[in-house]
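[1] Have a look; sequence and predicted model below, questions after that.
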Amino acid sequence: MATVFIPASLRRLCGDRHAVEVEGATLRQVIERLDRECPGIRDLIVEEGMLRPGIQLAVDGETAQAGLLRSVPADAEVQILPAMSGGGGPRTP
């Protein structure tokens, strides 16, 4: 299972947990399963099937350049990185 680290701004959706373990072979699957544990979190991360502007995901410390298509090893650490200020870059699928 991947461990998804939840930023402070989203922890209210996850019962104030700082990390949640979920299965998934891609970031898309991980986010879908995370949404089952933390209802509503997907809508804050994904918009129209792509990462929302200003949101980045990292797998084992590497920013996911392939967006939601990025593969996720079974024991990976996934970080949700919301923008600190300003807008986001290009949206990725």
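    Nice, thanks for sending it over.
[2] From here on, just use CA atoms for contacts and neighbour counts.
    Will do.
[3] Now do the contacts for residue 26.
    Residues in contact with residue 26 (Cα atoms under 8 Å, 6 or more residues apart in numbering) are 68-72.
[4] Please apply the same query to residue 3.
    Shown in contact with residue 3 (Cα under 8 Å, 6+ apart): 19-22, 75-78.
[5] What residue, apart from its backbone neighbours, is nearest it spatially?
    residue 21 (4.4 Å; Cα to Cα, 6 or more residues apart in numbering).
[6] ok, the one you found to residue 52 distance?
    Shown here: residue 21 relative to residue 52, a distance of 22 Å by Cα to Cα, to the nearest Å.
[7] same question, residue 39
    17 Å.
[8] Which of those two has more residues huddled nearby?
    residue 52 (21 against 13; other Cα atoms under 10 Å).
[9] Could you check the pLDDT of that one?
    The model reports residue 52 with a pLDDT of 92.
[10] How about residue 82?
    According to the prediction, residue 82 has pLDDT 85.
[11] do residue 45 as well
    Note for residue 45: predicted pLDDT of 95.
[12] now do the one 4 residues further on
    Residue 49 is assigned a predicted lDDT (pLDDT) of 91.
[13] That one - how many residues pack around it?
    For residue 49, the count of nearby residues is 13 (other Cα under 10 Å).
[14] That one and residue 8, how far apart?
    24 Å.
[15] on that earlier part again, can you give me the neighbour number for the residue nearest to residue 3?
    17.
[16] quick one: which helix or strand includes it?
    If you go by DSSP states H and E, residue 21 is part of strand 19-22.
[17] Next, the buried residues of stretch 25-34.
    26-34 (16 or more other Cα atoms under 10 Å).
[18] Inside helices: which ones of these?
    Among the buried residues of stretch 25-34, the members found in helices (DSSP state H) are 27-34.
[19] which residues touch the strand holding residue 21?
    Identification of contacts with strand 19-22 by Cα under 8 Å, 6+ apart yields 1-6, 30, 33-34.
[20] which one in the residues you listed is the model shakiest on?
    Ranking the contacts of strand 19-22 by pLDDT, residue 1 lands last with 93.
[21] Mind picking the two most distant members of the buried residues of stretch 25-34?
    26 and 34 (12.2 Å; Cα to Cα).
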